[in-house]
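Novice: Below are the sequence and a predicted model for it; my questions follow.
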Amino acid sequence: MFPTQGAWKPVTVRGAGFALPGADRPCHDYKEFADSVMAGSCAITPFELAGTPIRVAGQVPGTGAETLDLPDRLVSRLPRASRLAHTAVANALDHAELTAAEISRRDAVLIVTSFQFALQETAVLLDRFAEAGPAGVAFDYWSKVAPGSIASGLCTNLGLDIPTLTLTGGCSTSLRGFELAASMVARGEVEYAVVVGADTILEPLYLSATGYAGRSGHRASSISDDPADVRPHDAVQTGNAPAEGAAATVLTSARNPGGGVDAAVEFIGFSSRNGGGNPMGLGDPKRCAADIRRLLAVGGVSLGDLAFFCDFAEGNRQLEDFLCETLVTLRAALADDAPLTLTSQEACYGHLPGAAGLLKVLASLVMLTENRVAPTANLVNPYPRLPARALAGSSERIADNGRRTAMTVGLSGGGDTTSLLLRLA
């Protein structure tokens, strides 16, 4: 449903936790994430897997079990997505200075978002079923890899006695999860909402699609062996870098001064469908621009009021052109040529479908609280067609203290879009 006039909603981002790619070790805590975002650093590393041309990816070192305080027998049964999600949520709770027991005593919800949940482990079960039949699989599908079991397993293993909701879709799914969770808190339906996005897509089936060159000659992902060739907003683009990992946040209505993120914000968000009529199924940029125009109108802001646009560019030329067409259409409809700063963190950790939108929210929050816009990682020469300024090099102070509103948009194959305005309360 589209928001109504004056529909800014309050929520407090209490804490955040991660299990994100790193060169030598995973990124687990908010400060490390914030430092990477503001520095525009790149944690994409060389990658090799038989049967795919993909040569760089965002990889989480280790098995994902290193920080789990669980019995070995239980850990061995957890799919990798569950391990990473568990780590991210545990870190988010610690950062928020909350325990599972405290949250469980209140009205609360856990929302889990993913592009494909435990597809790798499901493929293994299918092979086992083909070889041994039902007796060879028993209850393993239900207990190990079904999306619902991943969410309920997180609650059981973390000690959270709260209802769960699993969401899937395209790359906007975690932004949609944040929108839903924050709205539930703002309306007083729950006191706490935990949102976690996770994916383990570095497997043959996903990579066969993301590395495939369609009739246009473009690939979603780069086949370069150089991580620096993943360049959102650049004049030279080879594609994105697929990534695995997890990100989580704890939302509430109550402040906790001195602990965690403790950022009181206001937001307006909504989801829509822009059709799917192009080779990547991205939809219609004119309809996307119309939705953004309506969102700005409801928020009572113009392009000139935005501190920055944390956008959906990820190093793929088709997606970059879609962004250009959307902004050209939006500017024409608004008759607005005000300066607009673009920033993308897709080259910091790679493209993580199940958490991409949530990472944009958390990166935007970092920038708003530090009053600086982060550079687009790996950007060398901005794409001349962009009708806005893509920030490169180093972070830049938000010059006008009145411009404290950020916009972010998550775009999915199939045309699903979630748009969000975010400002400090």
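Specialist: Thanks, I have the structure now.
Novice: what's across from the residue nearest to Pro21 when sequence neighbours are not counted in the sheet?
Specialist: For Pro21, the nearest residue in space outside its immediate sequence neighbours is Gly58; the separation is 3.7 Å by C-beta to C-beta, 6 or more residues apart in numbering. Placement of C-beta: from N, CA and C, glycine included. When bridges are taken as DSSP bridges, the partners of Gly58 come out as Ala243.
Novice: Wait, Gly58 touches Ala243, no?
Specialist: Yes - between Gly58 and Ala243 there is a contact at 2.8 Å, judged by C-beta atoms under 8 Å.
Novice: Between the two, which contacts overlap?
Specialist: Here Gly58 and Ala243 have Pro21, Ile44, Tyr349, Gly350, His351, Leu352 as joint contacts, going by C-beta atoms under 8 Å, 6 or more residues apart in numbering.
Novice: now the second one: how far from Val37?
Specialist: Relative to Val37, Ile44 is positioned 14 Å away (C-beta to C-beta, to the nearest Å).
Novice: So those two - more neighbours on which side?
Specialist: The residue with more neighbours, out of Ile44 and Val37 and counting by other C-beta atoms under 10 Å, is Ile44; that gives 30 against 26.
Novice: isn't that one right next to Ala57, touching?
Specialist: Yes - the pair formed by Ile44 and Ala57 meets the contact definition of C-beta under 8 Å, at 6.8 Å.
Novice: Spit out the residues that contact these two alike.
Specialist: Residues touching both Ile44 and Ala57 by C-beta under 8 Å, 6+ apart: Pro21, Ala241, Ala243, Gly350.
Novice: Determine which two of the residues you listed are furthest apart.
Specialist: The widest separation within these, taken as C-beta to C-beta, falls between Pro21 and Ala241 and amounts to 9.1 Å.
Novice: which stretches of the stretch 1-150 of the chain form strands?
Specialist: Chain-ordered strands for the stretch 1-150 of the chain, with DSSP state E, counting those that start in this stretch as the definition, fall at 9-19, 45-46, 56-57, 108-114.
Novice: buried set for the first one?
Specialist: I take that to be strand 9-19. Of all the residues in strand 9-19, those buried under the rule 16 or more other C-beta atoms under 10 Å are Lys9, Val11, Thr12, Val13, Arg14, Gly15, Ala16, Gly17, Phe18, Ala19.
Novice: Alpha carbons of it, as PDB, please.
Specialist: What follows is strand 9-19, C-alpha atoms only, in PDB (Å, rounded to 0.1, in the frame of the first residue of the first chain):
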ATOM      1  CA  LYS A   9       7.000   6.900  10.900                       C
ATOM      2  CA  PRO A  10       9.400   6.800  13.900                       C
ATOM      3  CA  VAL A  11      11.600   3.800  14.700                       C
ATOM      4  CA  THR A  12      14.900   3.300  16.600                       C
ATOM      5  CA  VAL A  13      17.600   1.200  15.000                       C
ATOM      6  CA  ARG A  14      19.000  -0.300  18.300                       C
ATOM      7  CA  GLY A  15      21.700  -2.600  17.000                       C
ATOM      8  CA  ALA A  16      23.300  -4.300  13.900                       C
ATOM      9  CA  GLY A  17      25.400  -7.300  13.300                       C
ATOM     10  CA  PHE A  18      27.000  -9.000  10.300                       C
ATOM     11  CA  ALA A  19      28.700 -12.000   8.800                       C
END
